[in-house]
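Undergrad: Attaching a predicted model along with its sequence, questions to come.
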Amino acid sequence: MKYIRRLILLSTLLCLSYSFPVYSHANNINEARLKTIHQYLNNLQNADYKDMKNIFSQNAIVVSTSRGKLDAIEFFNAFLPEVTAGNTQLHQTFISYDDKDRLAARFHLNLQLKDDEKVNGEFVDEFIFDKDSEKLTAVYMFENLKFPVLN
């Protein structure tokens, strides 16, 4: 009986030791990706197009509600220098159960542009990451400027 208990305990410990690194890796990559999303929002707020390019992989795209599908670096290099003041407020982040490389964030964005145009609304951006990386391959932008959102 003592032998069987030890065998069961050893088997359990082996199973746990093999599953923990997988869980730990998934946790670490999600934490890194959430940091990337925070950096993305900070770069929007600060109009930091130079730092924005550091979070994208080569050939990354942006699908914008106003300008369609564009190269991500080109989009932000053209758009962010036009921002004179900005503020972002993150409300929620979402991680896909079906595709671990897809995350989304709901946030409020308030920007003042050089031509006195204002961008003020609630957005949900979908972020597509390179496999096992914190680098973005795509951002799909969705906005809702007409309806207030309850937090």
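TA: On my side now, so go ahead. Residues are numbered from 1 along each chain as shown.

Undergrad: which residues in this structure form helices?
TA: 2-46, 49-52, 72-79 (DSSP state H).

Undergrad: Spatially central residue in the protein, please.
TA: Ile37 (3.5 Å; C-alpha atoms, centre = their mean).

Undergrad: what separates that one from Ser133, distance-wise?
TA: Spatial separation of Ile37 from Ser133 under the definition C-beta to C-beta, to the nearest Å is 14 Å. Just so you know, the C-beta spots here come from the backbone N, C-alpha and C atoms, and that holds for glycine as well.

Undergrad: One more: Thr65?
TA: According to C-beta to C-beta, Thr65 stands 26 Å off from Ser133.

Undergrad: what do you get for Ile73?
TA: 17 Å.

Undergrad: ok, those two, which is more surrounded?
TA: Neighbours were counted for Ile73 and for Ser133 using other C-beta atoms under 10 Å; Ile73 has more, 17 against 14.

Undergrad: what sits against the more buried one?
TA: Applying C-beta atoms under 8 Å, 6 or more residues apart in numbering to Ile73 gives the contacts Met52, Lys53, Phe56, Ala60.

Undergrad: My guess is the last one contacts Ala72. True?
TA: Yes. Proximity of Ala60 to Ala72 meets the contact threshold set by C-beta atoms under 8 Å, at 4.0 Å.

Undergrad: who touches both of those two?
TA: Common neighbours of Ala60 and Ala72 (C-beta under 8 Å, 6+ apart) are Leu136, Ala138, Val139.

Undergrad: and of those residues, the nearest to Gln45?
TA: Val139 (15.6 Å; C-beta to C-beta).

Undergrad: That closest one and Ser66, how far apart?
TA: Distance, Val139 to Ser66, by C-beta to C-beta: 13 Å.

Undergrad: Tell me which of these two has more neighbours.
TA: Val139 (22 against 8).

Undergrad: thought that one was touching Ala72?
TA: Yes. Counting by C-beta under 8 Å, Ala72 is a contact partner of Val139 at 6.7 Å.
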